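Colleague: give the three-dimensional model of this entry:
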Amino acid sequence: MTILAFDLGASSGRALLGRLNNGKIEVEELHRFPNDPVQVGDRLQWDILRLLHELKQSLLKVKHREIELQSLAIDSWAVDFGLIGSNGELLGNPYHYRDHHTDGVMEQVAGELTASVIFEKTGIQFLPFNTIYQLAALKKADSPLLRDAKHFLMIPDLLRYFLTGEMYNEFSNATTTQLYNPLTESWDAELIQAIGLSPDLFGSVVQPGAHMGSLRTSLCEELGIESVPVYAAAEHDTGSAVVAVPSLDRSFAYLSCGTWSLMGTEVNAPVINELAQQLNFTNEGGAYGTFRLLKNIMGLWVLQECRRAWERAGISYTFPELVKLADESEPFGAFIDPDDPLFLHPGDMPARIAEYCLRTGQKPPESNGAIVRCVLESLALKYRCVLELTEQLSGQAFGGLHMVGGGIQNTLLCQWTANAIGKPVWAGPVEGSAIGNLVVQWIASGELADIWEARRVIRDSFPVDTYEPEQPGAWESAYVAFREKTGIA
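Modeller: Predicted coordinates for the structure are as follows:
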């Protein structure tokens with residue numbers, strides 16, 4: 001039984017084939033492609049039709065290899081969306097969450113509605129690019145997109161609509177908008193109306209594992225393929241990644257590590273209280289009645305932007321080369337808070353790191369290796385801070401940290417994370433989001449009984465590397481200095 005997962009990240013996409021063989025999962029990469037945003041004038045946008053083209057290329061590869069496909073599903077990054085007009089066509093390229101059109105909007109909306117009301121209704125972390133602020137920015141700009149829009153679809157729902165003709169929003173991604181009320185289990189009409197929109201724009205919300213129709217006839221005729229069932233995965237890629245955490249313990253902490261780092265734990269009900277709001281934690285929907293109590297951390301974005309800046313200057317590094325440079329540099333030379341607003345937008349990240357260091361009374365890193373080391377050490381130390389807050393908020397104590405996602409290929413970051421938190425790190429699997437996507441399809445088709453059988457099978461199928469903490473004294477001192485220099489309480 002071969003199934004297909006489309007896993008779309010903020011920098012690349014991939015199509016992976018999955019098979020269950022003798023109680024183990026086999027994953028094969030079918031197609032990988034870049035996902036580069038496009039600057040058009042003052043706007044940063046997603047090339048959504050290019051992504052659709054790459055999905056079609058994946059389906060053609062299935063055809064050419066004469067693979068009998070049983071089903072497929074899509075997961076992607078959160079918060080971004082497309083708007084559909086009355087004729088069923090996409091009205092414009094979706095804006096990128098790092099576009100500047102939301103600058104200052106979160107503060108304005110939170111001031112008008114009050115932050116406590118927004119959090120009480122949604123339980124979602126305040127981030128300037130959340131969907132509510134993107135829509136509020138479009139409304140304040142009197143965007144013709146909103147005037148003509150009849151349907152709101154988030155990125156995986158939009159691509160699924162292109163494939164099937166069916167329009168639904170999926171639960172795990174819908175919760176990230178800061179417009180969905182997990183207590184009423186519906187879109188929050190009061191919040192939607194408060195930013196000047198009609199609740200009619202937002203359609204039905206379906207759960208992970210729901211059958212969402214099949215490939216539309218016109219697509220099958222275009223590609224010369226047979227139609228197959230399409231399911232809703234946990235369509236926020238972090239939701240899929242958490243499904244794939246190979247924990248046999250019902251209480252666990254996870255870190256989904258990639259362009260973004262998302263750290264938290266799985267709970268059965270949203271934690272919506274004054275402390276959660278004060279700590280700016282989020283309660284994103286998960287699969288099978290769960291919620292992801294977590295905090296977004298800027299992640300490897302800062303390092304990726306440094307690499308792009310150096311490439312523009314004519315210096316090209318592979319990521320292994322950057323890791324080697326970091327390993328050879330002096331430890332604990334400078335620290336940054338990866339979540340400082342200075343690092344949110346694309347640009348000259350090495351210069352911004354220097355600016356941050358000068359602003360906080362530190363000597364900026366003097367070499368590229370020192371910059372990389374500064375970023376990776378700061379990430380590891382921020383992980384400790386957020387893990388401690390997760391324990392405080394959830395009332396749990398975790399014996400270690402499960403790391404999943406592409407970022408775990410950076411073994412130095414995994415080891416430094418173990419050093420920083422003073423606990424073991426269990427790293428694996430790498431393709432966490434895609435594997436979570438696959439197992440939701442297998443649960444939906446009855447091949448796996450539930451999420452706990454799926455996690456046991458995942459644990460039996462993929463290697464998990466253990467990193468034990470080292471140099472506890474040096475890292476404890478570094479943590480004190482990190483909090484002092486960054487001002488993180």
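Colleague: please make it C-alpha for all contacts and neighbour counts, starting now.
Modeller: OK.
Colleague: what's around residue 73, how many residues?
Modeller: Residues near residue 73, counting by other Cα atoms under 10 Å, number 27.
Colleague: need the phi and psi values for it.
Modeller: Residue 73 adopts backbone torsions of phi -150, psi 160, taken as degrees, to the nearest 10.
Colleague: now do the same contact list for it.
Modeller: With contact set as Cα atoms under 8 Å, 6 or more residues apart in numbering, residue 73 has these partners: 4-6, 230-233, 437-438, 441.
Colleague: same check, this time on residue 372
Modeller: Per Cα under 8 Å, 6+ apart, neighbours of residue 372: 303, 322-323, 325-326.
Colleague: 7 Å instead?
Modeller: By Cα atoms under 7 Å, 6 or more residues apart in numbering, the contact set of residue 372 is 303, 322, 326.
Colleague: my read is it is in a helix, agree?
Modeller: Yes: assessed by DSSP: H, G, I helix; E, B strand; the rest coil, residue 372 belongs to a helix.
Colleague: quick one: distance of the helix or strand harbouring residue 221 to the chain centre.
Modeller: Element membership for residue 221, per DSSP states H and E: helix 217-223. Helix 217-223 sits 31 Å away from the centroid of its parent chain (Cα atoms, centre = their mean, to the nearest Å).
Colleague: what mean pLDDT does the helix or strand that that helix is followed by get?
Modeller: Later in the chain than helix 217-223, the nearest helix or strand by DSSP H and E is strand 229-231. Average pLDDT, strand 229-231: 98.
Colleague: packing partners of strand 229-231?
Modeller: strand 69-75, strand 211-214 (3 or more Cα pairs under 7 Å, 6 or more residues apart in numbering; DSSP states H and E).
Colleague: deepest-packed of those strands, please.
Modeller: Of all the helices and strands packed on strand 229-231, strand 69-75 has the most neighbours on average by mean count of other Cα atoms under 10 Å, namely a mean of 24.
Colleague: could you point out which element follows it?
Modeller: The C-terminal neighbour of strand 69-75 among helices and strands, as given by DSSP H and E, is strand 81-84.
Colleague: beta-bridge partners for residue 17, please?
Modeller: Listed beta-bridge partners, residue 17: residue 4, residue 28 (assigned using DSSP bridges).
Colleague: report the contact partners of it.
Modeller: Taking Cα under 7 Å, 6+ apart, one finds 2-5, 27-30 in contact with residue 17.
Colleague: ranges for the strands of the stretch 1-150 of the chain?
Modeller: 2-8, 12-21, 24-34, 38-40, 43-45, 69-75, 81-84 (DSSP state E, counting those that start in this stretch).
Colleague: relative to residue 423, which of these is closest?
Modeller: With Cα to Cα as the criterion, residue 423 lies closest to strand 24-34 of these, at 28.8 Å.
Colleague: tell me which residues of the closest one come out buried.
Modeller: Across strand 24-34, burial judged by 16 or more other Cα atoms under 10 Å covers 24-27, 30-32.
Colleague: pLDDT at the closest residue to residue 56 other than its chain neighbours, what is it?
Modeller: Nearest non-adjacent residue to residue 56, counting by Cα to Cα, 6 or more residues apart in numbering: residue 223, 7.7 Å away. Per-residue confidence (pLDDT) for residue 223: 98.
Colleague: what separates residue 223 from residue 80, distance-wise?
Modeller: Using Cα to Cα, to the nearest Å, residue 223 is found at 28 Å from residue 80.
Colleague: residue 33 contacts residue 13, doesn't it?
Modeller: Yes: the criterion here is Cα atoms under 7 Å, and residue 33 meets it with residue 13 at 5.3 Å.
Colleague: ranges for the strands of the stretch 201-350 of the chain?
Modeller: Under DSSP E, counting those that start in this stretch, the stretch 201-350 of the chain gives strands at 205-206, 211-214, 229-231, 253-257, 261-267, 282-285, 291-297.
Colleague: how about the helices in the stretch 51-200 of the chain?
Modeller: 105-113, 115-122, 131-140, 144-148, 155-164, 171-174, 189-194 (DSSP state H, counting those that start in this stretch).
Colleague: packing partners of the fifth one?
Modeller: For helix 155-164, the contact count by 3+ Cα pairs under 7 Å, 6+ apart identifies strand 81-84 as packing neighbours.
Colleague: CA atoms of the strand it packs on as PDB?
Modeller: Provided in PDB are the C-alpha atoms of strand 81-84 (Å, rounded to 0.1, in the frame of the first residue of the first chain):
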ATOM      1  CA  PHE A  81      -3.800  31.900   3.200                       C
ATOM      2  CA  GLY A  82      -5.400  32.500  -0.200                       C
ATOM      3  CA  LEU A  83      -8.700  34.200  -1.000                       C
ATOM      4  CA  ILE A  84     -11.100  32.700  -3.600                       C
END
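Colleague: contacting residues around that strand?
Modeller: 90-91, 94, 149-155, 158.
Colleague: next, format those residues as a markdown table and append neighbour count and distance to residue 291.
Modeller: Output for the contacts of strand 81-84, formatted as a markdown table (neighbours: other Cα atoms under 10 Å; distance: Cα to Cα, whole Å):
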| residue | neighbour count | distance to residue 291 |
| --- | --- | --- |
| 90 | 19 | 31 |
| 91 | 18 | 32 |
| 94 | 18 | 27 |
| 149 | 19 | 30 |
| 150 | 19 | 29 |
| 151 | 20 | 26 |
| 152 | 21 | 23 |
| 153 | 24 | 21 |
| 154 | 26 | 19 |
| 155 | 26 | 21 |
| 158 | 24 | 23 |
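Colleague: am I right that residue 253 is in contact with residue 401?
Modeller: Yes: under the criterion of Cα under 7 Å, residue 253 makes contact with residue 401 at 5.4 Å.
Colleague: could you list the domains of this structure?
Modeller: Domain assignment for the chain by automatic domain parsing gives 2-231, 245-428+449-489.
Colleague: what mean pLDDT does the last one have?
Modeller: Going back to what we said before, that points to domain 245-428+449-489. 97.
Colleague: ends of it, what's the gap?
Modeller: End-to-end distance of domain 245-428+449-489 (Cα to Cα): 29 Å.
Colleague: centre of the chain to that domain, how far?
Modeller: 13 Å.
Colleague: what of stretch 74-91?
Modeller: That offset, for stretch 74-91, works out to 18 Å (Cα atoms, centre = their mean).
Colleague: who are the neighbours in contact with the residue nearest to residue 75 when sequence neighbours are not counted?
Modeller: The shortest distance from residue 75 to any non-neighbouring residue, by Cα to Cα, 6+ apart, is to residue 235 (4.1 Å). Residues in contact with residue 235 (Cα under 7 Å, 6+ apart) are 74-76, 156, 170, 172-173.
Colleague: thinking again about what came up before, the helices and strands packed on strand 229-231: which one's closest to residue 205?
Modeller: Nearest to residue 205, of the helices and strands packed on strand 229-231 and by Cα to Cα, is strand 211-214 at 11.4 Å.
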